[in-house]
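Peer 1: below are the sequence and a predicted model; questions follow.
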Amino acid sequence: MEALRRPSTIAFFVLLAIAAVMPLALGQAKFPQWLEVALGGLLTGVLYSLVAIGLVLIFKASGVFNFAQGSMVLFAALTLVRLAEKMPLALAIVVTLLVMIALAWAIERWVLRPLVNQDGIVLFMATLGIAYFLDGFGQAVWGSDIYTLHVGMPKEPKIILESVFDGGVLVDMEDFVAAIIAAVLVAALTLFFQKTSTGRALRAVADDHQAAQSIGIPLNRIWVIVWSVAGLVALVAGIVWGSKLGVQFSLSQVALKALPVVILGGFTSIPGAIVGGLLIGLGEKLSEVYLGPFFGGGIEAWFAYVLALVFLLFRPEGLFGEKIIDRV
Amino acid sequence: MPVVDGTPDTFPKLLLHHAQRLAHAPAIREKYLGIWQSWTWSQVRDEVRYLAAGLAAAGVQPGMHVAVIGANRPRLYWSIIAAQSLGAIPVPFYEDAIAQEMVYVFRDAEIAFAIVEDQEQADKLLEILPQCPALKHIWYDEARGLRKYNHPELAPYEALRESGIARSRDEPGAFEAAIANGAPSDTAIMMYTSGTTGHPKGVVLSHDNLVLSSRAYADLEQLTPAEEVLAYLPMAWIGQNLFSYAQWMVVGFRINCPESAETVMTDMREIGPTYYFAPPRVLEGLLTQVTIRMEDASWVKRRMFRYFMDLARRVGARLLDGRRVNAAHRALYALGGLLVYAPLKNALGMSRVRVAYTAGEAIGPDLFVFYRSLGINLKQLYGSTETSVMVCVQPNGEVKPDTVGPPMKGVEIRVLDSGEIVLRCPGLFRAYYKNDDATREAKDAEGWFHTGDAGFFDGSGHLKIIDRARDVGKLSDGTLFAPKYLENKLKFFPYIKEAVAFGHGRGEATAMVNIDVEAVGDWAERRGIAYSGYTDLAAKPQVAELLRDCVGRVNADLANDAKLAGSQIHRFVVLHKELDADDGELTRTRKVRRGFIAEKYATIVDALYSGVDRCAVEAQVRFEDGRAGVVRAELTVHPAPTHAAQALAA
Amino acid sequence: MNLRELEPGTADRELGATILAVEGVSLAFGGVKALTDVSFEVREGEIRAIIGPNGAGKSSMLNVINGVYRPHAGKISFRGETRTHMDPRHSAKLGIARTFQSLALFKGMSVLDNILAGRSLMMKSNLLLQALRLGPALREEIEHRKRVEEIIDFLEIPHVRKTPVGRLPYGLQKRVDLGRALAAEPRVLLLDEPMAGMNMEEKQDMSRFILDVNEEFGTTIVLIEHDMGVVMDLSDRVVVLDYGRKIADGTPEEVRASQAVIDAYLGVKH
């Protein structure tokens, strides 16, 4: 975590913290209400992080920026919601996961393998194609209505800390459960990467493709695994988003927020994706509520992109990414 | 049948005693293949039993010498006890000794049996085999690289063990019988002291010597079988033998052998020793690493480190001594403990250290106070191979940076008119092996041992050592000249690794210094000074300036002492090569051989006194692979700032 | 200094049967001929060096052996199986491991993980068991770890076990590269300039390790090197290439005495 010790990083976090507590300092908000907004923002951020993790995984292992990650979320959610109509939920989840694995296999076989050793931009265009294909194919097969997904997540908001603050703090339990699910997923992924030989092989491939190949690590199989894991992450994201917003086409658009998240966090860093997601979730909610009145609202829609733009200008490698050094 | 009668008074009897009483307690651990492997006391006893039987089968008789050569490995420890069980005498060697240095000892002690760690050591013995016809058996612990050797003398440790297992089946009880035969007055071990001149001398130490010395320390510090000790120093050093072997056997605690010399710090962190022994050199190395790490840390950490270390220097040692400290400082120190001292102690592997000793050479006051201010109970002691290390030790609560404490119980000390310290103590050696002249010279008719050290008692009855008695000389005007005292003062600066002072019979004192490549290199990098290696760095004018300042500060310090003010250092040179034991310039324990150096670098000494400001030199060096080469350089003679004697002015 | 002489009893060695043979191999890139009709064989248990001036085709030869390049003519036999070309994964499976002249280590991973990765081909248990760290997968992992620890001990790098490889000095990285190749427990080890860019001391350490690998594990070693001194000390037999052709083949003494070799190294015009 050397990147964290750089003065610009420290300065960024200090500024951010000051900006976040500004409404309190100016007396614009009372603490319990501010806490409510902040918690809501952080919990939304968890969802951004989930999509961003999928992006980072694939980028690290195959150097491909997967534009289709959002579409994979939508596709997974659609598949799940329609299958759940015909079978028990648990079975539907398993079948959906198998579908995502099959998708990963197909992408490796028909997209990545033929395009091996092509430029990054070519592969990026290919994922654009995958995105359009998935959006179209998903809706053609499963229909384009808005479906509601019931996976048993608690719907009622809860009031906590009533004894501490007058009136307590209102928390959306659904978001809270989503955060727990996301944390479990991240922990599981970390264990998988650090403690299993397949995880080690994945890291090896992410580190140096050529060296990995020369010691007998099969690149093609690794790609299938990575895309499958990305599929799993998409499925989890689809479940929590879908049950919150309903399964609909706009899911793949919301997932676009993952782009500024990885710009913020760094393309090659899972912790970066998590922190980036949380920061953007927090930032856009706080600015919407406390700055919104001055701008006439709608900040939530562009906040993330403006922040990403600032990062592209001053810190293109993101908060946690490896410093980009042009090799001579 | 009781295996042990009464209080066990020899090491093998102690082993049997622990194997009975602490049968399932781990006695020794070794990190191997990344995992700590351990052996209980009863397992150690069994291993020693097989080994002793194997040695007996190979012809080891009571009174014979058995060489033990290598790093701290369980099997080498077992070899020492196994030899002792048979009444034979183990002779440990420094593992980094070059082959030719071993010849003298092998011939002097007529060694026929050797147990060695690995190929490196076996190669050395094979090399000197023609010069040491008595040497008949070499057993090696690690077979790597040795499998295809076909020397009849060479055999794996396993073979020795196998033959021992067979023999102990045929002769059950032989092991216990041999041990029961052992008397406390028997020779337990022979340790060769390199000395600064002439051949090494074999110091004959009895079981009594080492057991009594060990008990004295154990009683003083109330050591228990629960102590955890890291066995990492050379086995041929008396300090290592007393603290990691003799006391291990006497107290029955646990020793831990590190994975390799490079992993000592990590291994120490994992083990968390409670009882620790380190020569100043090691403590200094640790501090240097900490300092370098702190220089690279973020400024927040650096500021915090500086602030709290400053606080610790002011109040830490006082707290440790149980003296009064005001409440605000107490609170701040506690906060510092949380933020700095505890993490630092953890990084050093000293979180659990209850008692730590340092000895072997003088320790710099800054260095000493650094550890104490962290709350680590580091104490100095004084002793030598000949005294089984038992002479003086600093008691808790009476620790001063510049003395070695009062005499231990049972030790008598006198200071002769010449300033030399003579003493009688229970740990006093029997004799120098086959060297009656030397024995008579060191031990007079009434049993007083002439230490060769010069010193005096301070007002509170603590002994203060200033130099080797032989080395204390006089400048031509009669001023006292204690070279070691000057050298140590110089070496207390992190930038100076070695120093050699001259002045006896001369008008003024002068010095040669070796820079510490790591510390000065770091200093240079911070200032953007590029250098290619030691020689280049040592010749930099900026480095000379840095050292001029150090020497000036030593002079200022000397000026405060009426007796020593006249021996301020007037000129110095920065040597073009590092002094090295392989070139004979240092002893294996890294003490400077002043006489040898004066002779070897006569041209430099001349230059220091002839008023020239440059001199050309060349020196023979020996590379690690054994080849010899020549280093040539031109050195600059630097004048150093001197000060008027403060004591006279006052 | 001749390392072999330091090890008494190792000077006269009996060589085993042929394990690897290259017959009439030719290779060209566009119009440039890299190798022309090169044949030689490697016997089981020997240290076989391929030397030659820069651009002589040494690296090409190594790449043909482990299948990175496809020769245009000729055959390669390994353990009795003859084929016209190899491919890298297949050769790894057959028991040919290699190190790289320009290091290709996983810089961000620890020494331990790098060497463990070298055993990728031997990892059998399936993904699900691994993920759950169950039964056979766990046992397998422990066994792999043990082997890898032995290699770490062998190469004397326990102090950097957990250090990311990118932070190690060059000489140690070379050792890790050797360790990763050893982890695959190869029959034949191809070393591509194992001592390039090293100082004298590092070269001696590396020579010692190569000899020890050969002796302790019985691994057959094919090494490319342009430092003649090192090669002559280490090798049982030497092939000399010049402009893609074999100009000498024999013991170090024979090769040293060969006029063609002397000419090639002194740069006599053809």
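Peer 2: Done, it's in.
Peer 1: C-alpha from now on. contacts and neighbour counts both.
Peer 2: Will do.
Peer 1: now do the buried residues in stretch B:153-161.
Peer 2: Using 16 or more other C-alpha atoms under 10 Å in any protein chain shown as the test for burial, stretch B:153-161 gives B:154-158, B:160-161.
Peer 1: show me which of those neighbour chain A.
Peer 2: Near chain A, judged by C-alpha under 8 Å from any C-alpha of the partner chain, there are no entries from those.
Peer 1: in helices, which of these fall?
Peer 2: The helices, defined by DSSP state H, take in B:157-158, B:160-161 from the buried residues of stretch B:153-161.
Peer 1: before we move on, the earlier item: redo the buried residues of stretch B:153-161 as TSV? Include distance to residue B:376.
Peer 2: Converted to TSV, the buried residues of stretch B:153-161 look like this (distance: C-alpha to C-alpha, whole Å):
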residue	distance to residue B:376
B:154	46
B:155	45
B:156	43
B:157	40
B:158	42
B:160	44
B:161	42
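Peer 1: closest to residue B:231 among these?
Peer 2: The shortest gap between residue B:231 and any of the buried residues of stretch B:153-161 belongs to residue B:157, at 21.3 Å (C-alpha to C-alpha).
Peer 1: so where is chain C shaky, pLDDT-wise?
Peer 2: C:1-14, C:123-134, C:266-270 (pLDDT under 70).
Peer 1: quick one: the helices in it?
Peer 2: For chain C, applying DSSP H gives helices covering C:3-6, C:58-65, C:88-94, C:111-117, C:127-132, C:135-154, C:170-183, C:200-216, C:228-234, C:252-257, C:259-266.
Peer 1: worst mean pLDDT across the helices and strands of chain B, which element?
Peer 2: Every helix and strand in chain B was compared by mean pLDDT, DSSP states H and E; the lowest is helix B:646-649, with a mean of 46.
Peer 1: stretch A:270-282 close to chain C?
Peer 2: No: using C-alpha under 8 Å from any C-alpha, stretch A:270-282 stays clear of chain C, with a minimum separation of 14.5 Å.
Peer 1: one more: stretch B:24-39?
Peer 2: Yes: shown here: stretch B:24-39 in contact with chain C (C-alpha under 8 Å from any C-alpha) through B:33-34.
Peer 1: end to end on that stretch, go ahead and measure it.
Peer 2: With C-alpha to C-alpha, to the nearest Å as the measure, the ends of stretch B:24-39 fall 9 Å from one another.
Peer 1: circling back: ranking the helices of chain C by burial, who's on top?
Peer 2: With neighbours defined as mean count of other C-alpha atoms under 10 Å in any protein chain shown, the helices of chain C peak in mean count at helix C:111-117, which reaches a mean of 28.
Peer 1: can you spell out which helices and strands pack onto it?
Peer 2: If contacts are counted by 3 or more C-alpha pairs under 8 Å, 6 or more residues apart in numbering or on different chains; DSSP states H and E, helix C:111-117 sits against helix A:197-207, helix C:135-154, helix C:170-183.
Peer 1: enumerate the residues of the stretch 151-300 of chain A near chain B.
Peer 2: By C-alpha under 8 Å from any C-alpha, no residue of the stretch 151-300 of chain A approaches chain B.
Peer 1: all strands of the stretch 151-300 of chain A, in order?
Peer 2: Counting by DSSP state E, counting those that start in this stretch, one finds strands in the stretch 151-300 of chain A at the ranges A:157-160, A:169-172.
Peer 1: cool, and the stretch 351-500 of chain B?
Peer 2: Ranges of strands within the stretch 351-500 of chain B are B:355-358, B:378-382, B:392-393, B:412-415, B:420-424, B:431-432, B:449-457, B:463-468, B:473-474, B:480-481, B:496-502, based on DSSP E, counting those that start in this stretch.
Peer 1: try the stretch 1-150 of chain B
Peer 2: Assigned by DSSP E, counting those that start in this stretch, the stretch 1-150 of chain B shows strands spanning B:26-32, B:35-40, B:65-69, B:89-93, B:113-116, B:137-140.
Peer 1: for these, which one sits closest to chain A?
Peer 2: Taking C-alpha to the nearest C-alpha, strand B:35-40 is the member of the strands of the stretch 1-150 of chain B nearest to chain A, at 17.9 Å.
Peer 1: separation between residue A:24 and chain B?
Peer 2: Distance from residue A:24 to chain B, counting by C-alpha to the nearest C-alpha, to the nearest Å: 27 Å.
Peer 1: helices or strands next to the helix or strand containing that residue in the packing?
Peer 2: Assigned by DSSP states H and E, residue A:24 belongs to helix A:7-25. Secondary-structure packing of helix A:7-25 (3+ C-alpha pairs under 8 Å, 6+ apart): helix A:270-290.
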